[in-house]
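> Predicted model, plus sequence, below.
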Amino acid sequence: MTSSNLSHLPGSNPSPENYGDQATVPLGVELVLVKLSFGETLILENLELILPAGQITCLLGPSGVGKTSILKILAGFIPLTGNSRITCSDSLPLHSRVSYMDQSDLLLPWASVVENVAIGARLRGERPDLMRAREILCDVGLKDWLSARPDILSGGMRQRVALARTLMDDCPVVLMDEPFSALDALTKLRLQDMAAKLLHGKTVLLITHDPIEALRLGHVIHVLSGSPTRISNAIRPDEAIPRDPASDSLKSHYSDIMEKLSQTEADIT
């Protein structure tokens, strides 16, 4: 799989002048990871992952298979080694065009909700666009909580603030590391619905342990399994997102995911 595989994706050949307008054209991304090791332990090798432009890609797998490491490599937190590479569909660097949403909300306890959403600009030494921050908070249903401190918010509200902060920079690529895993079932469903709406048109990589979450939100689903880790062929549910997890059409996909998750051998098809 080479960078030419990105040529069929939406937004694959934008002109260079669109680089400054990050939201104009969806961005396809390919990661080729030759090897990932921690000490003497080989975690994965020869991984090839394509994130289709403007779609949500979900990665599932048990703990220790490298899901979060893949996310951090794309975010630039872990450097590439050897012949590994990241290729974007517009041939420009991915650096600075990525938003990262962690499993924890990571809100600053002394800052208001709107200040937390605008923190990225302050960290870059820029003047924050508080009007845009307020607009996004209204979009996530927090218009009455702009001046509140995080300690009085529920877990679901805190994650909505984190989602708003992720959207604030309007980056074309969004990386999400189990952002809804700590929430109760009803709040999780509501935030999944909200994320599907607000992330429309962005290229998203969502790490999850939950097959139902992947089937609700993923345009493309991959399972990581085996030792060393291998990546499955893509599972592509047909319906528009967010999907009904009780849909009969998803039952075969659910069975396929569970079968792949149970594998311990390297050969995954």
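Everything's here; your move. Numbering: from 1, shown residues only.
> Now tell me what touches the worst-scoring helix or strand of the chain on mean pLDDT from outside.
Counting by mean pLDDT, DSSP states H and E, the weakest-scoring helix or strand in the chain turns out to be helix 119-123, with a mean of 87. Residues from elsewhere that reach helix 119-123, judged by Cβ atoms under 8 Å, 6 or more residues apart in numbering: 108, 111, 127-129, 165, 168-169. In this view, the C-beta of every residue, glycine as well, is placed from N, C-alpha and C.
> Can you give the distance from the helix or strand just after that helix to the centre of its chain?
Next along the chain after helix 119-123, taking DSSP states H and E as the criterion, comes helix 130-139. How far helix 130-139 lies from its chain's middle: 21 Å, per Cα atoms, centre = their mean, to the nearest Å.
> repeat for stretch 169-186
Distance, stretch centre to chain centre, for stretch 169-186: 7 Å (Cα atoms, centre = their mean).
> Please spell out which residues along the least confident helix or strand of the chain are buried.
119-121 (16 or more other Cβ atoms under 10 Å).
> cool, and stretch 121-135?
121, 128, 133-134.
> now swap in stretch 70-90 and tell me
Those would be 70-75, 86-90, for stretch 70-90 by 16+ other Cβ under 10 Å.
> State the pair within those that is farthest apart.
72 and 90 (22.8 Å; Cβ to Cβ).
> ok, which stretches of this protein are helices?
In the chain, the helices defined using DSSP state H lie at 67-75, 113-117, 119-123, 130-139, 155-168, 185-198, 211-217, 251-261.
> care to break the chain down by domain?
The record's domain parsing of the chain by automatic domain parsing lists 1-9+25-97+172-269, 104-170.
> Pick out the shakiest of the ones you listed, pLDDT-wise.
For those, mean pLDDT drops lowest on domain 1-9+25-97+172-269, to a mean of 87.
> Return the set of buried residues in stretch 56-67.
In terms of neighbour count (16+ other Cβ under 10 Å), stretch 56-67 has its buried residues at 56-61, 65-67.
> Residue 182: neighbouring residues, count only.
A count of nearby residues for residue 182, using other Cβ atoms under 10 Å, gives 15.
> Enumerate every residue touching it.
103, 155.
> Just give the nearest non-adjacent residue to residue 67, would you?
residue 207 (4.7 Å; Cβ to Cβ, 6 or more residues apart in numbering).
> residues near the one you found, how many?
Neighbours around residue 207, by other Cβ under 10 Å: 22.
> same question, the one 3 residues further on
Residue 210 sits with 17 neighbouring residues when counted by other Cβ under 10 Å.
> Show me which of the buried residues of stretch 70-90 is closest to residue 177.
residue 71 (5.4 Å).
> what about the closest one, distance to residue 138?
With distances taken as Cβ to Cβ, to the nearest Å, residue 71 is found 29 Å from residue 138.
> before we move on, what about residue 178?
The value you get for residue 178 to residue 138, if Cβ to Cβ is used, is 26 Å.
> I appreciate the help and will end here.
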